[in-house]
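Peer 1: structure of the sequence below:
(one chain, ligands or ions: 1)
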Amino acid sequence: MFGNLSALPADPILGLLAKYRLDENPNKIDLGVGVYKNEAGHTAILDCVKTAEKFRFDNEDTKVYIGPTGSALFNDKMTELVFGEHRVISENRVRTVSTPGGTGALRVAAEFIRSCKPGATIWVSDPTWANHTGLFQASGLTVKTYPYYDFENKNLKFAEMKAAIANVASDDVVLFHACCHNPSGMDLNQQQWQEMVELAKEKGFTPLIDMAYQGFGDGLNEDAYGVRLMADSVDEMILASSCSKNFGLYRERIGACSIIGKDSTVTDIANSVLLSVVRCIYSMPPAHGAAIVETILDSAELTTQWHQELAEMRNRINGNRQLLVDKLSEQGVSRDFNFITEQKGMFSFLGITPEQVQLLQDEFSIYMVGSSRMSIAGIANSNVDYLAKSIAKVL
Ligand code: PMP
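Peer 2: Numbers count the residues shown, from 1 in each chain. This next block holds a predicted model:
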């Protein structure tokens, strides 16, 4: 049976990381992998997470099955975190399940959509996170794209995006990135969110919002603006969230999938389908990451500490954006890179050619994906001069 298979290409980002690790140049820089790194290039465990883990170690008293919904406390805390004090909560119209990471949340959402309408069409931004397409297709959905990032002008193709979404059918799904768009760093502003909400109301499509970076853009509430606005205006919506980045819990695999229905009865029915989807994929989510997050969010002290640690990560990323632009200008680069400071989150496209990306790698040991998407957290005070000098040379 296996003889019928042909090999598939390895994930290009993981391939890049393998090459980076083998590179012996002491000046090498990794701008590929999308994880937060501190000034020393390390993805450290947050102090609030360490404290919560100690608490769990001392207090956990069973390893019995947790059930398909996962931890009720985690689900409630995550619902509050993403929606804030929202009427979908007071109206009992939202149900949340814990999932294995944001990817698990998206796959559960995709299978849930398949249950609502097999082969449904889902619209994703062009470009989008590379895994979106494969993941939705694996659930039998038809993936179509709407224009999003304007590589030429380093801006949103908002008019084209709007025109495309205005033609979406009422039983289609439209995927939005809540904040810190991956890979472009280009987010919708408040007015643009409002226009998307108007379209959702008018056309009746179902919004699926992917929120993998809450707190990495402008702040926890600011980054949830679009999610909350959309939830306030439509009858039905799906949200996939992740604790990988904002809690630094990458390998614990914890996230959440929330569904909003038009009333409590409809939502309960939808939730029964959601739970059956979970049961048929992985039965029950892992508990450890959820326990850490709920311990933090259930403690005023740990929550304050988490807010501080999250702000530190956010400020470092935003600081790196400015730092790179300043250093490029110091190198006498005439091209305007100011767009990097206006974009949000972990990524921006530098906007150089694939040949220049390759040159950076071959000549200077600077690693980024072929599209010139840079992981901003890989920039540090210790490497930014070398980075700016090298970019100036390949330009
Ligand atoms: N959505 C987007 C846009 C992402 O960038 C990522 C992570 N790179 C995810 C979802 C999945 O996150 P997780 O690691 O929690 O599965």
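
Peer 1: close to the ligand: what parts of the stretch 151-300 of the chain are there?
Peer 2: His177, Asn182, Asp210, Ala212, Ser242, Ser244, Gly255 (C-beta under 6 Å from any ligand atom). The C-beta positions use only the backbone N, C-alpha and C, and glycine is treated the same way.

Peer 1: at 8 Å what do you get?
Peer 2: Residues of the stretch 151-300 of the chain lying close to the ligand by C-beta under 8 Å from any ligand atom are 177, 181-182, 210, 212-213, 240, 242-245, 250, 253-255.

Peer 1: the spatially most central residue of the chain: what's it in contact with?
Peer 2: Central residue of the chain (C-alpha atoms, centre = their mean): Ala212, 2.6 Å from the mean position. By C-beta atoms under 8 Å, 6 or more residues apart in numbering, the contact list for Ala212 reads Gly102, Trp129, His177, Ala178, Cys180, Asn182, Ala240, Ser241, Ser242, Ser244, Lys245.

Peer 1: how many other residues sit next to the fourth one?
Peer 2: Yep, that's Ala178 we're talking about. 26 (other C-beta atoms under 10 Å).

Peer 1: just the third one next, same as before
Peer 2: Other residues within reach of His177, judged by other C-beta under 10 Å, total 25.

Peer 1: kindly report the same for Ala138.
Peer 2: Other residues lying near Ala138 total 11 when counted by other C-beta under 10 Å.

Peer 1: could you point out the longest helix in this protein?
Peer 2: When the chain is parsed with DSSP state H, its longest helix is helix 300-330.

Peer 1: distance from the chain centre to that one, please.
Peer 2: Taking C-alpha atoms, centre = their mean, to the nearest Å, one finds helix 300-330 lying 17 Å from the centre of the chain it belongs to.

Peer 1: poorly predicted segments of the stretch 151-300 of the chain, please.
Peer 2: Judged against pLDDT under 70, the stretch 151-300 of the chain has no low-scoring part.

Peer 1: where along it do the strands fall?
Peer 2: Taking DSSP state E, counting those that start in this stretch, the strands of the stretch 151-300 of the chain run over residues 155-156, 173-177, 206-211, 237-242, 255-260.

Peer 1: which one of the residues of the stretch 151-300 of the chain next to the ligand has the most neighbours?
Peer 2: Greatest neighbour count in these, by other C-beta under 10 Å, goes to Ile254: 32 neighbours.

Peer 1: my guess is it meets Pro286, correct?
Peer 2: Yes - contact criterion C-beta atoms under 8 Å: Ile254 and Pro286 qualify, at 6.9 Å.

Peer 1: related to what we said a few turns ago, quick one: which of the contacts of Ala212 is nearest Asp76?
Peer 2: Ser241 (13.5 Å; C-beta to C-beta).

Peer 1: now do the contacts for the closest one.
Peer 2: Contacts here follow C-beta under 8 Å, 6+ apart; on that basis Ser241 touches Met78, Leu81, Val82, Gly102, Ala105, Met211, Ala212, Gln214, Gly255, Ala256, Cys257, Ser258.

Peer 1: which of these sits closest to Met186?
Peer 2: Ala212 (15.2 Å).

Peer 1: can you confirm Tyr146 is in a helix?
Peer 2: No - judged by DSSP: H, G, I helix; E, B strand; the rest coil, Tyr146 forms no part of a helix; its state is strand.
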